[in-house]
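Chemist: For reference, the sequence and a predicted model appear below.
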Amino acid sequence: MNAPHMDLDEFRRAGHAVVDWIADYWTTLHQRPVTSADPPGTVAEALPGSPPATGGEPVEAFLADLDAIVLPGLTHWQHPGFFGYFPANTSGPSLLGDLVSSGLGVQGMMWATSPACTELETVMMDWLAELLDLPPRFSSTGSGGGVIQDSASSATLVATLAALHRASGGRWRGAGIDRRYRAYTSVHGHSSIEKAARIAGLGADGVRALDVDPDTQALRPDALRAAIEADLAAGDVPAIVVATIGTTSTTAIDPVAEIGAICAEYGIWLHVDAAYAGAAAVCPELRWSHAGLEYADSYCFDPHKWLLTGFDCDAFWVADRSELVEALTVLPEYMRNAASESGAVLDYRDWQVPLGRRFRALKLWFVLRWYGVEGLRAHIRSGVALAARFADHVRADDRFELAAAHPFSLVCFRLRADDDTNAELLASVNATGRAHLTHTRVAGRYILRLAVGSPQTTEAHIDETWTLLAEAADKLLTR
C-alpha cells in the first residue's frame, strides 16, 4: 500500500517531535565525543541496501535511527569543544527561520516569483551593511547592493566573473581569449580563489600567489605591484585582486588600504574576502581590521561562520551592481516579465551562478531580530575573550609558543618541539573526544589552530582543552 501524503495533524505532531529531538540533542551535546571513532563505511553498512517498497514508517522510527546510526557518525560542529577549522554555528532563531523557509517552499529566482523573498533579502543586506558600518557605496539605495550567496567560495567566483567582464570590456568568454588574464592574492588566500580562476577559464596558473610579510603573514603591497608590472610587461591583463581580512591559516589581515590604492591606480577589481572575520566588524572596537574597504569593488563575509546563522549564508556586496548583472545575465523568453523589464526591481538570479534561490533571508531576519545589535556584539566579544584566555594559557607555559597574532577568536600555537611531535599532540588531544582542533603550516612549520565560535563554549571548556594539551605534552616530552 502506498503511503498517503502527511496530513496537517500528522505534520504538526511529527514537527513537535523533531523540534523536541533537536532540543534534546543540543542539551546533551557536551556529553558526546566531538568526532566519531567509527571506521569508514560504518554508517553506510547500517543502512538498507535499497529504498523501502512501501512507506508509512512513523517519525519515531526516523528519530530512533538518527540516534542509532547518524549521530555516532557525526562530527559535532555545534559542540562546545569543537575548535577546528572556523566555526559554522547555528542558533534557535536561525533554525526556526530555516524551518519557515522550507515550509513556504519559495523559489526566489526573480522578484516576480516571490516579491517578499527579494525585498526582505535586500533590506537584510542593508541592515547587515549598517551593522558592520560598511562604506555607503555598498547600499542598495545607491548603485551597489548586497545578496546572499551560499558561501564565500561562490562570492569569489561571481566577483571574478564580474572582474573579467570589466577587464575584457564585456568580451570575456573564457577559453579562446587572445590574452592571459590574471588574478592575485597572497599565499594564504583561500583555495576558493584558485578554484574560481579555474572555473572562470584562467587555467591552473591563472592566480599569482604573492609573498607575505614574515611577521604579519599579510600580503605585501610591493609584491603585488611588482607582479602587476611584470604581467603588464608580458602583455597580460591584471583582472582581480583578492585581499583577505582574516586568512584561514592565521587570520592575518591584508593591508586593504594600500592594496586598494594600487588597484585604483591600475583599474583592477578589488574583492575583499572576510568570510570568517567580517563578523567581528559588528563591534566598533574591531572595525580597524576593515580599514581601506572604501576601495573595494566587492566584499563578503559569512554569517554562517561566526554570526549564529546556520549554513548556508554568505553576505556579498558590490559597489556597482550593474557590472555584476551585465556579467551574469542570461535572459530566455520564459523568464521575461513586466516587473523585470520595468527596471524597478532586483532579480537576484542575475547576481549568482545558479538560477534558483532559497528564501535564506528569513533565517538572517530571525537572527537579527532575536539577538539585536547588542546581542550579536556580546557573542563576538565572548569569542574574542575566550580566545584571549586560551592564549594566556599558552604564554604562561614555556613549553608552548604562540605562532601568530590573535585579533579575533582563532589562536595559532605550537609546542616548542619538532613538527612530528606537534602532530602527535594534536592527534592525542583529538582522540579524547573532548575537544577537536585542526592544524596548518606557516613558513613551513606545523601549527595548531584553536578557533572559538560555539555559543555553548565557556571558560570551563577552554580550560579543559588546555589541560588536555598540557597533559598530552607531558607524556610526549617525557617519553
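Modeler: It's in.

Chemist: what's the first-to-last distance across stretch 313-327?
Modeler: 22 Å (C-alpha to C-alpha, to the nearest Å).

Chemist: Centre of the chain to that stretch, how far?
Modeler: 17 Å (C-alpha atoms, centre = their mean, to the nearest Å).

Chemist: count of residues packed around the nearest residue to residue 110 once chain neighbours are set aside?
Modeler: Of all residues not flanking residue 110 in the chain, residue 347 sits nearest, at 4.4 Å (C-beta to C-beta, 6 or more residues apart in numbering). Every C-beta, even on glycine, is put in place using the N, C-alpha and C of the backbone. Using other C-beta atoms under 10 Å, residue 347 has 21 other residues around it.

Chemist: quick one: contacts for residue 347?
Modeler: 109-112, 118, 340 (C-beta atoms under 8 Å, 6 or more residues apart in numbering).

Chemist: Now the buried members of these.
Modeler: With burial judged by 16 or more other C-beta atoms under 10 Å, the buried subset of the contacts of residue 347 is 109-111, 118, 340.

Chemist: Which members of the contacts of residue 347 are positioned in helices?
Modeler: Judged by DSSP state H, the contacts of residue 347 include 118, 340 as members of helices.

Chemist: Of the contacts of residue 347, just say which sits nearest to residue 383.
Modeler: residue 118 (32.5 Å; C-beta to C-beta).

Chemist: Which secondary structure elements does whatever helix or strand residue 163 lives in sit against?
Modeler: Element membership for residue 163, per DSSP states H and E: helix 152-167. If you count contacts as 3 or more C-beta pairs under 8 Å, 6 or more residues apart in numbering; DSSP states H and E, helix 152-167 packs onto strand 181-186, helix 191-200, strand 237-244, strand 269-273, strand 298-301, strand 314-318, helix 321-328.

Chemist: Try it again at 6 Å.
Modeler: Using 3 or more C-beta pairs under 6 Å, 6 or more residues apart in numbering; DSSP states H and E, the elements in contact with helix 152-167 are helix 191-200, strand 237-244, strand 269-273, strand 298-301, strand 314-318, helix 321-328.

Chemist: Given the fourth one, what are its sheet partners and their directions?
Modeler: Taking DSSP bridges as the criterion, strand 298-301 sits next to strand 269-273 (parallel), strand 314-318 (antiparallel) in its sheet.

Chemist: Would you mind writing the CA trace of that strand as PDB?
Modeler: In PDB, the C-alpha atoms belonging to strand 298-301 read as follows (Å, rounded to 0.1, in the frame of the first residue of the first chain):
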ATOM      1  CA  SER A 298      33.100  43.700  -3.800                       C
ATOM      2  CA  TYR A 299      33.200  42.300  -0.200                       C
ATOM      3  CA  CYS A 300      31.800  39.300   1.500                       C
ATOM      4  CA  PHE A 301      31.600  37.600   4.900                       C
END
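
Chemist: So for that strand, what gets flagged as buried?
Modeler: So for strand 298-301, counting by 16+ other C-beta under 10 Å, buried means 298-301.
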